[in-house]
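In: mind looking at a prediction? Sequence and model below.
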Amino acid sequence: MLLEIVGITKTFGGIRALDGVSFSVEKGAIHGLIGPNGAGKTTLINVLSGTAKPMEGRILLEGALIHSLPPYKVAALGIARTFQNIRLFAGMNCVENVIAGQHLKAKRQLLPRLLHLPSANREEREYRDKAMACLKRVGIEHRAAIPAGYLSYGERRRLEIARALALEPRILLLDEPVAGMRRRGIEQVGGLIRSLATQGMTILLIEHNMKFVMELCSRITVLNFGRVITTGAPSEVGRHPQVIEAYLGAEA
Amino acid sequence: MAFLMHFFAVYGNLVNFIGINALMALGLYVTLSAGQLSLGNAAFAGIGGYTAGILTMQFHAPYILSITSGAMLSGIVAVLIGLPVLRLRGVFLAMATLSFGEVVRIAAVNLTITGGAQGLVGIPNKTTTGLIFTVLALTGYFMAKLRQSRIGWSFESIREDEAAAASLGVNTTFYKTVAFTIGAIISGLAGGMYAHLNFIISPGEFGFSAAVQLLIYNIVGGTRIWYGPLLGATLLTALPEVLRGIGVTAGPIRMCVNGIILLLVILFLPNGLISLLSRSSSIAGPRP
Amino acid sequence: MSLLLQQLVNGLFIGSVYGLFAVGYTLVFGVLDILNMAHATVFTLGGLVALWLVEGSGMSIWAAFPLAVLFSGLLGLVLDRVAFAPLRQRSDTYFSGLISSIAMAIIFESAALGLFGAHTVRFPPNTIKTDIWRIEGVTITSLQVEIVLVALILMGALSLFLHRTRTGKAIRAVAESERTARLLGIHVDGIIASTFFVSSALGGAAGILFGLYFDALSPDMGRSIELKGLAVIVLGGMGSIPGAILGGLTFGLSEVLTVAVTGKSNLRDAVAFTVLFAVLLLRPEGLLGRRRAREV
C-alpha cells in the first residue's frame, strides 16, 4: 500500500470532524472520496497534506509516519494538493503560478544569477519549458501570460492542477477538481486524471459529481459524519445500503 | 560640468539623503515582498547606525568595518527576533515589530554608550555620495537577481498565499526569516552610512515615525517590484525642496501634501506610482 | 507606603484616560478588523478644539466639552467616508485601510499644526476650579476625580449603548459577522459610520481629559498615546471593550509603578513595550480577547 490512513480522529470544538477514519490507497489508483456535505472530506485532505494535525491515528506513506510533518515536508515527500476554494497566486500570471510550484524541483540558485552565468539562463529556459508543458497538460497553455485573476472558474481549477503537477508528485490530492465546470471541461479533466494515473501517479479526489466519480475511480471511500461507511469498487459502493441512506438522507 | 558642480553644491545633501532613504526603503521592501508587514526596520537602521558610530568613535575602527559590523549585528538581531515574531500575522506582526522598535529606541535613550537622549555626536563624515549610490546600485541589482532565484519566488508565493505556498513545499518560516533578516541587514547598512553622513544620530530618528515613513516610501512607490520604493523615497525626499521651489514653505502644508499623496495612491493606485510607468501583468495584475 | 499608594492612585487616574482612548480604538477594530491609525490625531484635535472653544469664546469647559466631543465624532464620519468606505470591497482591505488611516493621521496632524501652531498650549487658569484633598498622606485633586468620573460615565454609557439600543445591538451584530448582519437587513454601511462616530467621539473626549490632566496640549500629543493605545488594546484583546478598560488601567498602573520602583522615568515605556511584546508572543489574543487572527 502506498498510503495508509489508520484511525484518524480530528475534532473542532467538540465536534468530531473525523472519527477513526481508516482506509488505504493503492499505488496508481484513482481513489474517490465521497460523502454528504460536512462529512469530513476536506478535513481529511487537510490532515493528509499536513495543514491540520490529527488528534489520534497515523498516516503512513510507504510505511513511514507522516502525520506530524508540516505541510512543506509533506510536499517534499511527493504529495501535492489543490484547494476546494482555489488558492492561486492572483498577482502572478499563469506560467508564473506554475513556476512558483517548481520550488522543490528547480534549484534556481542565487549565486549563478548574481554572476550572470550562462548556465543560469540555460537552466531557466529549461524550467520555463517544463512550466509550459504543465500548462499544456491541463489545456491552458494559450493563457500563459494572462494574470491568474482573469481566468474563468474552470481555467482556475485547471491552473491549480498544473501548479500541483509542477511538483512532479507521487500522490495528487484533488479537492473537487471539476466543481462548477461544464461537461466538456469535466471530460477533459477526467481524461487528464486518467492519463496521470496510467503514468503511475496516485490520485485521491473529492468530488460531488457522482457520474464523474463512478466512471473514473477504481476505488471509492464513502464518509458520513466523520466515519468511513465503506471502501470498495464503484459498483459495490453504489449498492451499499448505508451509502444509499446517507445520500438520500431522512427520506430513505 | 559647471552646472553639475553648482547642482551638487546646492543639492548635494538632498541627493545623499535620497540615496540613504532609498536604501532604507529597500530594506523594508524585502520584508514586504514576502508579505510581512514590519514596523521594526527603522530600529534595525538604528542598531546599524549606533553600532557603526560607536565602533568608529570609541574603537577607531575603519569605516567599512564599522558599517558592515552594524549591518551584521542588525541581521543577527533579526534572526533572533524573527524566529518567534514571524509566527504572528498581519496587524499582530506589525505591532510586535513596532514594540521591538520601541524597546530598541528606549534602550538607546537609557544606555550610556549610545549617548542617551542626545545621541551620538561628532561621528566623522565618511560616507560619500559615490559610495551611497554604489551601494544602492548593488543592492538594486541584488534585488533584481534575488527575485529570479528560488528565494525570490518563495517570497512572492508567501506574499500571495502562505498556505498555498506551504503546499508547494515552501518552508514558509525559513523564508520569512530570510526576508526579515535580509531587510534588517540592508536597513542596518543604511543606518551606519547615515550615521557617518549626518554627524549626529539620536534615538528619536529611529522611532515609530521613521518606521512609518519607510512604509510610506514603499506604498507610494509600489511594493510589487524593487524599484518601486526607490521611486517613492526619491519623490518624497525631494518633495519639500520641490515645494520650496514653487514657494510653499509652511511646514504643515508640506506635511499635508505628504498625507494627500499617500491617500491618493492607496485609494487609486494600490500598486503604487510605479504601476503608472510599467504595465507588465505581474506588477499591475488584478487582485480579485 | 503612602508614596506607593499615591503612585497607585495616579496610575488609576491616567489609566482611566488610556482606557477611554483605547475603548474607541478597539471598537473600530472589533467591528472592522482594521487598525485606525488616525484615532490618536482625533484625540489631539478633540483636545485642541475644546481649548479653542474655551479660550476663543470664553465658553465654560462644561459646554466646550460636549461640543468638542461632537466635533471629534464628525471627524470620525469623515475618516470613514474618505479613508475606509472606498476600500471596503478590496481584498487587501485590512492592509490598505491601515495605510489610508496613516494618510489621514498625517493630514489631521498637519491641520492641527497649521491651525494651532507647533507649540505647547494649555487651558486658561481656572478653566476648572480645583480643590486639593489629602487623605492618609495621598493627594487627590477634584480635577482627577472629575476626570475619572467623566471617563467612567462615558465608558458606562458606551456599554449601555451597545447592549440596550438598536444601533448598539446592530454594531455588535456587524462585529460578529458582517455578512450575517447584512442578511438580517441591517444597514451595514450606516452602522459602520455610527461606529466611527462613537469611536472618534470617545477618542476626542480622552484628548480633552488628557489635556486637562497634564495641563498641556500640542499637535503631536497623540503620538505618545497612540503606541500606548495599541499596547492597551493588544493587552486587553483586540476588539474587547472590557479588555480595553482593564488594559488601560493596567497600563497606567504599570507606568507609575515602573517609575516608583526604578526611579527612572525613561524606563516607563520600556516595561510597557516589553510586556506588549511578551503578550503578543505568548498570548496574541490578549488577556480577555477571543482568539481570532486576521491577516492584513
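Out: Thanks, I have the structure now.
In: looking at this, B:Phe174 is in a helix?
Out: Yes: counting by DSSP: H, G, I helix; E, B strand; the rest coil, B:Phe174 is part of a helix.
In: how far away is it from chain A?
Out: According to Cβ to the nearest Cβ, to the nearest Å, B:Phe174 stands 9 Å off from chain A. Yep, even glycine has a C-beta here, placed from its N, CA and C like the rest.
In: what does C:Ala22 give?
Out: 30 Å.
In: in a strand, that residue, correct?
Out: No: if the criterion is three-state DSSP, then C:Ala22 is helix and not within a strand.
In: so what's the residue count around it?
Out: Around C:Ala22 there are 33 other residues, counting by other Cβ atoms under 10 Å in any protein chain shown.
In: now C:Asn126
Out: C:Asn126, neighbours per other Cβ under 10 Å, totals 7.
In: for it, give me phi and psi.
Out: Dihedral angles of C:Asn126 (phi, psi; degrees, to the nearest 10) stand at phi 70, psi 20.
In: A:Thr11 in helix, strand or coil?
Out: Secondary structure state of A:Thr11, per three-state DSSP, is strand.
In: does it touch A:Ala17 like I think?
Out: Yes: contact status for A:Thr11 versus A:Ala17: in contact at 6.6 Å, counting by Cβ atoms under 8 Å.
In: out of those two, which sits in the busier spot?
Out: Legend: neighbour count by other Cβ under 10 Å for A:Thr11 and A:Ala17, higher for A:Ala17 (22 against 14).
In: can you give me the strands for the stretch 1-150 of chain B?
Out: For the stretch 1-150 of chain B, applying DSSP state E, counting those that start in this stretch gives strands covering B:120-121.
In: and for the residue of it found nearest chain C, the neighbour number?
Out: Nearest to chain C, among the residues of the stretch 1-150 of chain B, is B:Gly90, at 3.7 Å (Cβ to the nearest Cβ). Residues near B:Gly90, counting by other Cβ under 10 Å, number 19.
In: next one: B:Thr249
Out: Using other Cβ under 10 Å, B:Thr249 is surrounded by 10 other residues.
In: got phi/psi on it?
Out: Main-chain torsions, B:Thr249, degrees, to the nearest 10: phi -120, psi -10.
In: remind me which residues of the stretch 101-250 of chain A are low pLDDT?
Out: For the stretch 101-250 of chain A, the stretches flagged by pLDDT under 70 are A:248-250.
In: what ranges does it have for its strands?
Out: Per DSSP E, counting those that start in this stretch, the stretch 101-250 of chain A carries strands over the ranges A:171-175, A:202-206, A:219-224, A:227-232.
In: any chance of these in TSV, with mean neighbour count too?
Out: Below are these laid out as TSV (neighbours: other Cβ atoms under 10 Å in any protein chain shown):
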stretch	mean neighbour count
strand A:171-175	24
strand A:202-206	24
strand A:219-224	23
strand A:227-232	18
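In: quick one: closest of those strands to chain C.
Out: Across the strands of the stretch 101-250 of chain A, closest to chain C is strand A:171-175 (Cβ to the nearest Cβ), at 21.3 Å.
In: ok, the closest one near chain B or not?
Out: No: if you take Cβ under 8 Å from any Cβ of the partner chain as the test, strand A:171-175 misses chain B, and the best it gets is 9.2 Å.
In: how far off centre is that strand?
Out: Distance of strand A:171-175 from its chain centroid, counting by Cα atoms, centre = their mean, to the nearest Å, is 2 Å.
In: break chain A into its domains for me.
Out: Chain A resolves into domains spanning A:1-78+A:169-252, A:88-168 when parsed by automatic domain parsing.
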